[in-house]
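> need a 3D model of the sequence below.
(one chain, ligands or ions: 1)
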Amino acid sequence: MIDFSMYDVKAPEILGYKCLTCGALHYPAPMICSKCSSRRDPVTGKRWETFPLEGPVTLLTWTRVWNLPEGYNVKYLLFGIVEFENGLRASGRLGVDEPRTGMKLNTRVEESDERPGKPVNVFVFE
Ligand SMILES: [Zn+2]
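Residues are numbered from 1 along each chain as shown. As a prediction, this is how the structure comes out:
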């Protein structure tokens with residue numbers, strides 16, 4: 001874990017969304033709450049709250065991807081779908097060697113420049 005407190009930058013984070021009308025949690029952000037049909041204004045975010053997705057997760061399923069695009073100097077990458085303690089699910093890269101379905105992992109968010117264009121924040125579960 002990198003200590004960002006000594007730098008004048010914020011640790012990268014990925015946000016979940018909470019509908020303040022009914023309290024339902026969402027990730028990724030929907031335009032309309034699936035529980036109460038309340039509309040989320042993507043500009044003002046009115047009546048919706050955001051929170052960082054972080055902390056312990058449970059690994060629901062995973063896969064090993066071989067034949068990576070040119071430019072990777074590893075044989076494969078591991079990806080998984082996890083569930084946070086609040087019930088939200090997300091996918092991301094796995095930072096463990098031997099993943100097992102049901103295992104507990106921790107969440108890290110890192111800035112990835114693996115894709116062309118602007119860097120994006122991605123989950124690493126380890
Ligand atoms: Zn709602």
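> which residues does the helix or strand encompassing Leu59 contact?
Per DSSP states H and E, Leu59 falls inside strand 56-65. Residues outside strand 56-65 that contact it (CB atoms under 8 Å, 6 or more residues apart in numbering) are 76-85, 89, 94, 99-107, 125. Using the backbone N, CA and C atoms, a C-beta is placed for each residue, glycine as well.
> likewise for stretch 94-101?
With CB under 8 Å, 6+ apart as the test, stretch 94-101 has contacts from 59-62, 78-80, 103, 105, 108, 124-126.
> just the C-alpha atoms of it, please, in CSV.
Backbone C-alpha positions of stretch 94-101 (Å, rounded to 0.1, in the frame of the first residue of the first chain) are rendered in CSV as follows:
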residue,chain,number,x,y,z
LEU,A,94,-6.4,-10.1,-9.2
GLY,A,95,-3.1,-9.6,-7.4
VAL,A,96,-2.9,-13.1,-6.0
ASP,A,97,-1.2,-16.2,-7.5
GLU,A,98,-3.7,-18.9,-6.6
PRO,A,99,-7.2,-17.5,-6.6
ARG,A,100,-10.0,-19.6,-5.0
THR,A,101,-13.7,-18.8,-5.4
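> what residues are up against the residue lying farthest from the centre of the chain?
Most distant from the centre of the chain: Glu70, at 25.0 Å, with distances by CA atoms, centre = their mean. Contact analysis of Glu70 by CB under 8 Å, 6+ apart lists nothing.
> need the residues of the chain near the ion, please.
Within the chain, the positions adjacent to the ion are Cys19, Thr21, Cys22, Ala24, Cys33, Lys35, Cys36, Ser38 by CB under 5 Å from the ion.
> show me just the buried residues among those residues.
Cys19, Ala24, Cys33, Ser38 (16 or more other CB atoms under 10 Å).
> of all the residues you listed, which two lie farthest apart?
In these, two members sit farther apart than any others by CB to CB. They are Ala24 and Ser38, at 8.8 Å.
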